[in-house]
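Peer 1: All I have is the shape, not the residue letters:
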């Protein structure tokens, strides 16, 4: 969040998101090449493509919103709200994937949610 907040000064947040994405693509391409993990992506099933595509759209939308929020607000308030996605993932994983977090894990998830609420409440 700190690098991004400094990096978006004087730059449109959407352009900054694109630049970040290109850099991530370069880093991941290099990693896949160096580790020998490349395989033919066209051999993947349609279901895999669909869900990876939906994941990419969700991630892209999230990054656009995150960078706009960073441009408008304080990093110390934007970053914790961004982490609220952890709460949503836990709820959706419970509802749709049948995952069953332990009581201890639910307590941690509740603490994250509480922390975001504390930061979101105006004084």
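Peer 2: Sure, I can see it. Since this is a predicted model, take the numbers as computed values, not measurements.
Peer 1: isn't residue 66 right up against residue 80?
Peer 2: No. Applying C-beta atoms under 8 Å as the test, residue 66 and residue 80 come out as separate, 12.0 Å apart. (Each C-beta comes from the backbone N, C-alpha and C, glycine too.)
Peer 1: Tell me which of the two has more neighbours.
Peer 2: residue 66 (20 against 16; other C-beta atoms under 10 Å).
Peer 1: any idea which helix or strand comes after the helix or strand hosting the more buried one?
Peer 2: Per DSSP states H and E: residue 66 is located in helix 46-72. Next along the chain after helix 46-72, taking DSSP H and E as the criterion, comes helix 75-82.
Peer 1: Can you spell out which helices and strands pack onto that next one?
Peer 2: With contacts taken as 3 or more C-beta pairs under 8 Å, 6 or more residues apart in numbering; DSSP states H and E, helix 75-82 sits against helix 2-7, helix 46-72, helix 103-120.
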